[in-house]
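J.: heads up, no residue letters with this:
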């Protein structure tokens, strides 16, 4: 079969990416610049900047002189390769063989692919349109050889598709730079009057080799298809997903558990090889009648033990309704994290082993009761009692500062303060007695007041004056007065119990 | 005579073995625990506060709940080894994390689990008690039957985690498999004459039931870091004192 190649040239790759991220840049002239030899050099320029004559390689100061309103952004090195790799992964939908071409293009081996789109024209149109929708300015071309496709995408003036065996004719009108040879050779060729490749193709090979070296000949052969040009295809990212089709529909809980175990074994084997652990996983069970059901698990720490993960799934298996039975199971890892598995194995008895055990215990509990039932608290920088703690993000998270001890806090706190009726002698004195739930409590001892102000930047309201109270029976309470004595009597509340 | 002495030695050794088999330990899996409860510890067999078993506390009012929570926190602080974690399970949680700090417990070393129903609560408690990595497990519940409590006791015998079962407003005080049953009531704090303010936390501790031990009741006080049974300081004149 005649091989065919497509080349995609991203004219303004880096600038397009920025414009996608920040849509306000779309209509402005902006450049990316990086310091080089003590001055700022432009590394990439947007379409609008190019129209103003600002090209990569210029010194930023010169560009500013040309166009003072120029927006300058910092360039991140290595981004282009990462970006092209990402786009390459996306382009795997068009062909299984995709290669990254230096720092501004992709090469696709489209042999036997284009007919699926109807024709090469429609195929190219689809690529063009999809990339344009994403916000990239591209030029695409198709030819028999990668080099011809490359040349056509950069220097072609007529049509994007060079028909089979038509590359010799197509490149004859292109400049020598289309051969992808070193710049000094291009310069030399132009100096000698070779403005088009037509005059070069028919020259005797021995003359060309003597004057310009072997590289030119190789490139020429590669364009014409006389010499092979290997391309390095990118490896597709394999998703962390396992599928288990069943010969016969599975209806029993035990059967489902076996299926889950098989899937988990496969996925955990791969995870432990890559020293990764699971944080979230989703099981999809497809039923005979075409509908599907899902159950999800989460862990508190990255985990790749089949036994433990199976336990989490087993707790949820009763949620599935098999009816006629499941015929296909799909397990997908939604969230992964790196693990320090070897350390855990070595020190299974130490504190880190303990925390792994506790994490597994909490996973089991969360699987049973649902998210949000397990919490751990860290001190927060607020005096307002309700805001003085925050929920910790993970089991390992440590408090940034020490728990405050200078002010006593009750062991049990009511979620909402309860209103009480008091008899208080004069302002700022603790009450003499108070009534709570129909009981009169005579106050014998008291500590306070401790004034806690509202944090006005969070919430507006009156301050609280807290007292620690001990009544005639020896019980200790935490009560507060809301606001000052003024025209009306302030309200009193019970907020907690000291032990 | 010598034979007789050997016999009594043998009997005490056998007694100790029996206690050990019944789940009485003076040390957790990791270290020996010094509870510092003084006279109270004499009520227990071997004269030590048993860890690695289930204790039961009973409260009938919010004040008693707070006192019992304080007592449990103090026990937790003694049992937890450095860096160890404990769990606090409840259906309607009132315990305020920063309040644990004054009982020697780092509040960030306690994991709070909120459960909706009683059945899940028992299941989670059992799972937690089976986990050797935990130092102690506190459960707040209303009622528990003999069978259920026996399950918890069996879990503990394997893992030697200390369980504190706090029964709030129990409808029937039925018998359970717990090693001891406590009731903690707050009592007026004592201060030197004329000193204003509220003193250290003071409780009336009743040991209602002890397996193989002698029940009793005492007044104890929690000073930062340890229990005291010092009753020398008499309550001052009971007058309303201005806040300090």
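T.: Structure received. Owing to the predicted nature of the structure, the values given are computational and were not obtained by experimental measurement.

J.: do stretch B:34-52 and chain A meet at all?
T.: No: shown here: stretch B:34-52 not in contact with chain A (CB under 8 Å from any CB of the partner chain), separated by at least 15.9 Å. Just so you know, the C-beta spots here come from the backbone N, C-alpha and C atoms, and that holds for glycine as well.

J.: what bits of chain B have low per-residue confidence?
T.: When residues are selected by pLDDT under 70, those of chain B lie in B:1-2, B:4, B:22-31, B:230-244.

J.: what distance separates the longest helix anywhere in it from the centre of its chain?
T.: Counting residues, the longest helix found in chain B (DSSP state H) is helix B:2-21. From the chain centre to the centre of helix B:2-21 is a distance of 29 Å (CA atoms, centre = their mean, to the nearest Å).

J.: Residue of chain B closest to chain A, please.
T.: Using CB to the nearest CB, residue B:70 is the residue of chain B that sits closest to chain A, at 2.3 Å.

J.: Work out for me the element residue B:205 sits within.
T.: Assigned by DSSP states H and E, residue B:205 belongs to strand B:201-210.

J.: May I have the strands that pair with that strand, each with its orientation?
T.: strand B:180-186 (antiparallel), strand B:216-223 (antiparallel) (DSSP bridges).

J.: so which of these comes closest to residue B:34?
T.: Nearest to residue B:34 among the strands paired with strand B:201-210 is strand B:216-223 (15.4 Å), distances taken as CB to CB.

J.: So for chain B, the centremost residue is which one?
T.: residue B:72 (4.9 Å; CA atoms, centre = their mean).

J.: Contacts only, for it.
T.: B:57, B:138, B:164, B:166 (CB atoms under 8 Å, 6 or more residues apart in numbering or on different chains).

J.: which SS class is it?
T.: helix (DSSP: H, G, I helix; E, B strand; the rest coil).

J.: Distance from the chain centre to the strand or helix carrying residue A:217, please.
T.: Using DSSP H and E, residue A:217 falls within helix A:214-224. Centroid displacement of helix A:214-224 relative to its chain, using CA atoms, centre = their mean, is 42 Å.

J.: Then stretch B:154-167?
T.: 11 Å.

J.: Would you check how far apart residue A:221 and residue A:214 are?
T.: Counting by CB to CB, to the nearest Å, the separation of residue A:221 from residue A:214 is 10 Å.

J.: cool, and residue A:439?
T.: For residue A:439, the distance to residue A:214 - CB to CB - is 103 Å.

J.: count of neighbours near residue B:14?
T.: Residues near residue B:14, counting by other CB atoms under 10 Å in any protein chain shown, number 10.

J.: ah, wrong one, I meant residue A:361
T.: Other residues close to residue A:361 by other CB under 10 Å number 23.

J.: before we move on, back to that, more crowded one of residue A:221 and residue A:214?
T.: residue A:221 (16 against 9).

J.: Please report the distance of the more buried one from chain B.
T.: 69 Å (CB to the nearest CB, to the nearest Å).

J.: Which helix or which strand is home to the residue nearest to that residue when sequence neighbours are not counted?
T.: Distance criterion CB to CB, 6 or more residues apart in numbering or on different chains; nearest residue to residue A:221, sequence neighbours excluded, is residue A:227 at 3.7 Å. Residue A:227 is part of no helix or strand when elements are defined by DSSP H and E.

J.: Now the residue of chain A found nearest chain B. Nearest residue, chain neighbours left out?
T.: For chain A, the residue closest to chain B is residue A:499, as judged by CB to the nearest CB, at 2.3 Å. In space, and not counting its chain neighbours, residue A:499 is closest to residue B:70: 2.3 Å by CB to CB, 6+ apart.

J.: now residue A:358
T.: residue B:133 (5.0 Å).

J.: residues contacting residue 182?
T.: Went with chain A since none was named. If you count contacts by CB under 8 Å, 6+ apart, residue A:182 has them with residue A:215.

J.: actually it's chain B I care about, not the one you picked
T.: B:55, B:56, B:57, B:58, B:68, B:71, B:205, B:206, B:207, B:208.

J.: and the first one, which of the three is it?
T.: If I follow you right, that is residue B:55. Using three-state DSSP, the structure places residue B:55 in strand.

J.: any idea how far residue B:105 is from it?
T.: To residue B:105, residue B:55 is 16 Å away according to CB to CB.

J.: Go over the secondary structure and confirm residue A:35 is in a helix.
T.: No: judged by three-state DSSP, residue A:35 forms no part of a helix; its state is strand.

J.: now the strands: where do they sit in chain B?
T.: Taking DSSP state E as the criterion, chain B carries its strands at B:54-59, B:85-90, B:110-114, B:134-141, B:162-168, B:180-186, B:201-210, B:216-223, B:226-228.

J.: Tell me which of these lies nearest to residue A:26.
T.: Using CB to CB, the strands of chain B put strand B:110-114 closest to residue A:26, at 49.1 Å.

J.: so does the closest one get close to chain A?
T.: Yes: counting by CB under 8 Å from any CB, chain A is contacted by strand B:110-114 at B:110, B:111, B:112, B:113, B:114.
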